[in-house]
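Engineer: sequence-free structure coming up:
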C-alpha cells in the first residue's frame, strides 16, 4: 500500500503458548492475541511468507508443552510467549526461495497464526492434488495418514484374515488403520469413547464391530467378548490400562504397533503395565515408530491412497474448528476425546 | 537277572512334584522318593528307556509348577504326584525305536529320575560331539545356548560397536550373550546379584564392566553411569523394575530381546512397568521369543559355537549339584539367584 520499498504490514492473529505445563493442559495455557507482520521475507533470506489455512491438532503437541529438550526442533519445547507450532496447510504469499512461488499450496511445520514467516521452507511438501479437500493434508493425506500407513503396513506385518484391534479408533489415525485392515480382509474391532464415535466406526468406517471403552469396567472381559480367539494385531494409540488388557488377549506372534499412548501423556506418573511377561510367553513384538522417519514413502503413499479417496473406498471424518479463537479448545479437547474424527482448525478457507 | 522273558527291574530314585504352587516355590513343593522301574520299553511300543545323566534347572519350569494350561505338553503343568519334567542329557539303555540304539547319548525332554521311559523319543536330539563335557548339552550346547544365539543374533539385530546391556548376566544364557556381543565388537555391561558373579563377568567372560544390582538403590542412575550415551540392545532376563530403568536409558531404535522376566514369575501380581511411552518416542522394538521355535537352526548353531569352545574363545560356567537329592534345592535356588552360572543336576556321570 505504501510507496516504493515500503513493506506491506498485515494484522496477524496468533495463538500464544503461555508457559510450560505439567499434568493436564488447559485452554488457559494459551491465549489469542493480535500483532502485525510484515508481508515480505527479510532481504537476502531464503524464507517464504505463508498464509495459514488449516492447522493440525495432534497428540504429540502435548510433549512440546513440557520443558523437555529434544534433538529435533520440530519436537522440542514450545517457546513461552511465542505461537504454538505444528503441522498445517498454507498458501505461499511471498517467497525468497527459488523452489516456492506465490500461490503455491504447501503442508508442513508452521505456526498457529494467520501469517507465518518460514525461514527454512525446505521442509514443506508442495500440494500437487487439489481435487480433494485441502484440509486433508493435515489428516488423511498428511502426517496422520502416513502414520496409519506406516504403522499398519510397515510395523504390523498384517496378513489377510488376521484379527485387528484399534484403540482411539475414530481418531485421525485409527479410522484409517481400520479401513486399511478391512481392505486387506482382516477382522477389525475398534474402541472409542462415545456412542457417536462407536456408531461412526460401525456405520461409516466399516469396522466389524466397536465398543465404548468408557462403558466397560473390565477391559479384559470386553476384549474377550470381541476376540474369543485373541488378537493378532493391536494398533496402540492409548497405552496404560488398555495395553495391559490387550496383552492378556494377544495371540502367539502378535504384533503391537505403538503409535502413541495418549492416556499417559498428562499423567505425572504413568500407569504401570503389569502383563508384560506375556510378551515373552506369546512371542509378541511391541514396536514403537515415528512417522517422520518414513517420509521417503510419501509419494508411494499418495499413489496408494488417492485412488481410494476418489473412488470413495476410503472415507475420512474431520472435526473442523473455525478460527484461531477456537484453536486452544480444539487442542485441549484432544486429550479428553472431545473431537470426533481428525481435529483441524480452519484459519482461512481457500 | 531273571529267566527268559523276565524284565530287569532297577531301583529308580525320583523327584516328585507335590502340588501346584502360587507365589515363591519351596523345596518342600517337591520330594525325593525311590521306586522301581522295568528296564525295557513296553512290547509293541516305539519307546526308549534312558538313564538320565544331567538335568537342567531352567526358569521356565516355574510356569509348569502353576496350574495354567498350555497347548504344548512340554510347557504344560506338572502332574502332582509324578516326577518333575525338563530338559536333560541321557543315555539310551534300551530301545524299541529304530532311530535309537543302546548307548546313544541324547538330550531333550526327560523326567527328574534315574531312569525314564520315553514314549515319544523323536523329540530327542542325538549328541554327536563328545569331546566337550556332556553336561554342556543342558547349557551352552543345549536350550540356553540356542536361546542366547537366537535372542542375540535373530532378535537383537546387533551391529559392531553397539552398546549392549544384559541382566542376569552370569546365568545360563546371559554369560553367552555377553561373549557373543564381545566377539562382535560391542560394548558390553552386565548386572548380577553378587560380587562373585560380577567378578566372573569382568574376569572370566570379558564384559567391559559389570555391577551388582542389589547394591544399586537407583537402577536408572546405575545404568546412566555405564551408558552415558544410552543402550542400543538390552537382553531382558528379569523384567519389572529393571526393565523400567532400562526403558529410560534406551537409545533411539534400540532393541530389547525379551528372553525371560524371572523377577516376575513368583509374584502374585506382577510389578507395573511405567516407562513404556519411551517405546513410542525412542522407536524401540521389544520382542519376545521362545527358543523352541528356532530348533531348525540347531546344527548351524553347533557349527558356529563348537570351534569357539574348542579354541577357548567362549567359556561356560556351570553350577553342578550332585545327585537327585540336591535337585529341589538347585531348582528353587534359581529364583533367589543362588546358582553361579548354569544350574545343572548331575544324576550320574558318564
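Structural biologist: Yep, that arrived. Remember, it's a predicted structure, so these values are computed and weren't measured experimentally. Numbers count the residues shown, from 1 in each chain, chains lettered A, B, ... in the order given.
Engineer: residue in the stretch 1-150 of chain A nearest to chain B?
Structural biologist: Per CB to the nearest CB, the residue of the stretch 1-150 of chain A with the smallest distance to chain B is residue A:63, at 7.7 Å. Backbone N, C-alpha and C define where each C-beta goes, glycine included.
Engineer: Which SSE is immediately downstream of the helix or strand containing that residue?
Structural biologist: According to DSSP states H and E, residue A:63 maps onto helix A:61-64. Using DSSP H and E, the helix or strand that follows helix A:61-64 in sequence is strand A:85-95.
Engineer: Which strands or helices does that following strand pack on?
Structural biologist: Counting contacts by 3 or more CB pairs under 8 Å, 6 or more residues apart in numbering or on different chains; DSSP states H and E, strand A:85-95 packs against strand A:48-56, strand A:105-111.
Engineer: Can you show me the helices along chain A?
Structural biologist: Secondary structure of chain A (DSSP state H): helices at A:61-64, A:143-149, A:174-183, A:195-203, A:219-226, A:241-247, A:277-281, A:298-310, A:327-333.
Engineer: Residue A:230 contacts residue A:248, correct?
Structural biologist: No: using CB atoms under 8 Å as the test, residue A:230 is too far from residue A:248 to be in contact (9.5 Å).
Engineer: before we move on, back to that, relative to residue A:119, which of the helices of chain A is closest?
Structural biologist: helix A:61-64 (18.6 Å; CB to CB).
Engineer: Tell me which of the helices of chain A lies nearest to residue A:111.
Structural biologist: helix A:327-333 (11.3 Å).
Engineer: Contacts only, for the residue in chain A that chain B sits nearest to.
Structural biologist: Nearest to chain B in chain A, going by CB to the nearest CB, is residue A:272, at a distance of 1.5 Å. Contacts of residue A:272 were listed using CB atoms under 8 Å, 6 or more residues apart in numbering or on different chains, and they are B:271-274.
Engineer: Restricted to buried residues, select these in PyMOL.
Structural biologist: In PyMOL, a selection of the buried entries from the contacts of residue A:272 looks like this (16 or more other CB atoms under 10 Å in any protein chain shown):
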select buried, chain B and resi 271+272+273+274
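Engineer: ok, the contacts of residue A:272 vs chain A, which is closest?
Structural biologist: Nearest to chain A among the contacts of residue A:272, with distances taken as CB to the nearest CB, is residue B:272, at 1.5 Å.
Engineer: Quick check: mean pLDDT of the helix holding residue A:63?
Structural biologist: Here helix A:61-64 scores 93 as its mean pLDDT.
Engineer: and if you look at stretch A:258-270?
Structural biologist: The pLDDT scores in stretch A:258-270 average 84.
Engineer: Output the set of residues of the stretch 151-300 of chain A in proximity to chain B.
Structural biologist: Neighbours of chain B within the stretch 151-300 of chain A, by CB under 8 Å from any CB of the partner chain: A:239, A:243, A:258-261, A:264-265, A:269-290, A:293.
Engineer: So what touches the helix holding residue A:63?
Structural biologist: If you take CB under 8 Å, 6+ apart as the criterion, helix A:61-64 is touched by A:25, A:70, A:75-78, A:84-86, A:262, A:265-266, A:331, A:335, B:281.
Engineer: give me every residue that touches residue A:192.
Structural biologist: Each residue near residue A:192 by CB under 8 Å, 6+ apart is listed here: A:168-171, A:174, A:198, A:200-201, A:210, A:212-213, A:337.
Engineer: mind listing what's buried in stretch A:107-125?
Structural biologist: A:107-118, A:121, A:124-125.
Engineer: possible to save the helices of chain A as TSV with distance to residue B:185?
Structural biologist: TSV is the format used below for the helices of chain A (distance: least, CB to CB, whole Å):
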stretch	distance to residue B:185
helix A:61-64	35
helix A:143-149	36
helix A:174-183	40
helix A:195-203	50
helix A:219-226	44
helix A:241-247	35
helix A:277-281	28
helix A:298-310	36
helix A:327-333	47
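Engineer: out of these, nearest to residue B:13?
Structural biologist: helix A:277-281 (32.1 Å).
Engineer: picking up where we left off before, considering the contacts of residue A:192, which possesses the most neighbours?
Structural biologist: In terms of neighbours by other CB atoms under 10 Å in any protein chain shown, those top out with residue A:171 at 34 neighbours.
Engineer: Leaving out sequence neighbours, find the closest residue to that residue.
Structural biologist: Spatial nearest neighbour of residue A:171, excluding adjacent residues (CB to CB, 6 or more residues apart in numbering or on different chains): residue A:237 at 6.6 Å.
Engineer: how far away is the one you found from residue A:350?
Structural biologist: Distance, residue A:237 to residue A:350, by CB to CB, to the nearest Å: 30 Å.
Engineer: now residue A:169
Structural biologist: 30 Å.
Engineer: Then residue A:321?
Structural biologist: Where residue A:350 is concerned, residue A:321 sits at a distance of 17 Å (CB to CB).
Engineer: More neighbours: those two, which one.
Structural biologist: More crowded of residue A:321 and residue A:350, by other CB under 10 Å: residue A:321, with 20 against 14.
Engineer: Report pLDDT for that one.
Structural biologist: The per-residue pLDDT reported for residue A:321 equals 98.
Engineer: ok, what's across the strand from it?
Structural biologist: According to DSSP bridges, the partner residues bridging residue A:321 are residue A:345.
Engineer: need the contact list for residue A:176.
Structural biologist: A:140, A:144-145, A:148-149, A:314, A:316 are the contacts of residue A:176 under CB under 8 Å, 6+ apart.
Engineer: Same check on residue A:264?
Structural biologist: Residues in contact with residue A:264 (CB under 8 Å, 6+ apart) are A:239-240, A:270-271, B:276-277.
Engineer: export the helices and strands packed on strand A:85-95 to TSV and tack on mean pLDDT and distance to residue B:42?
Structural biologist: Shown next, in TSV, are the helices and strands packed on strand A:85-95 (pLDDT from 0 to 100; distance: least, CB to CB, whole Å):
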stretch	mean pLDDT	distance to residue B:42
strand A:48-56	98	72
strand A:105-111	98	75
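Engineer: Can I get those in TSV including distance to chain B?
Structural biologist: As requested, those are exported to TSV (distance: least, CB to the nearest CB, whole Å):
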stretch	distance to chain B
strand A:48-56	18
strand A:105-111	18
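Engineer: To residue B:11, which of those lies closest?
Structural biologist: Nearest to residue B:11, of these and by CB to CB, is strand A:48-56 at 77.4 Å.
Engineer: what helices or strands is that closest one leaning on?
Structural biologist: Strand A:48-56 sits against strand A:85-95, strand A:105-111, strand A:115-118, strand A:342-346, with contacts defined as 3+ CB pairs under 8 Å, 6+ apart.
Engineer: any idea of the angle the last one forms with strand A:85-95?
Structural biologist: Orientation note: strand A:342-346 sits at an angle of 40 degrees relative to strand A:85-95 (axes from the mean of the first three to the mean of the last three CA atoms, to 10 degrees).
Engineer: Just want the angle from strand A:342-346 to helix A:174-183.
Structural biologist: 130 degrees.
Engineer: For strand A:342-346, which helices and strands make contact with it?
Structural biologist: Where contact means 3+ CB pairs under 8 Å, 6+ apart, strand A:342-346 is packed against strand A:48-56, strand A:318-322, helix A:327-333.
Engineer: low pLDDT regions in chain A?
Structural biologist: Applying pLDDT under 70 to chain A flags the ranges A:1-5.
Engineer: Pick the one among the contacts of residue A:176 closest to residue B:224.
Structural biologist: Closest approach between these and residue B:224, by CB to CB: residue A:144, at 34.9 Å.
Engineer: ok, how many other residues are close to the closest residue to that closest one other than its chain neighbours?
Structural biologist: For residue A:144, ignoring the flanking residues on the chain, the nearest one in space by CB to CB, 6+ apart is residue A:172 at 3.8 Å. When neighbours are counted by other CB under 10 Å, residue A:172 registers 31.
Engineer: just checking, residue A:172 touches residue A:342?
Structural biologist: Yes: using CB under 8 Å, residue A:172 is in contact with residue A:342, at 3.8 Å.
Engineer: Between those two, which contacts overlap?
Structural biologist: Counting by CB under 8 Å, 6+ apart, the shared contacts of residue A:172 and residue A:342 are A:139, A:144.
Engineer: Understood, closing this out.
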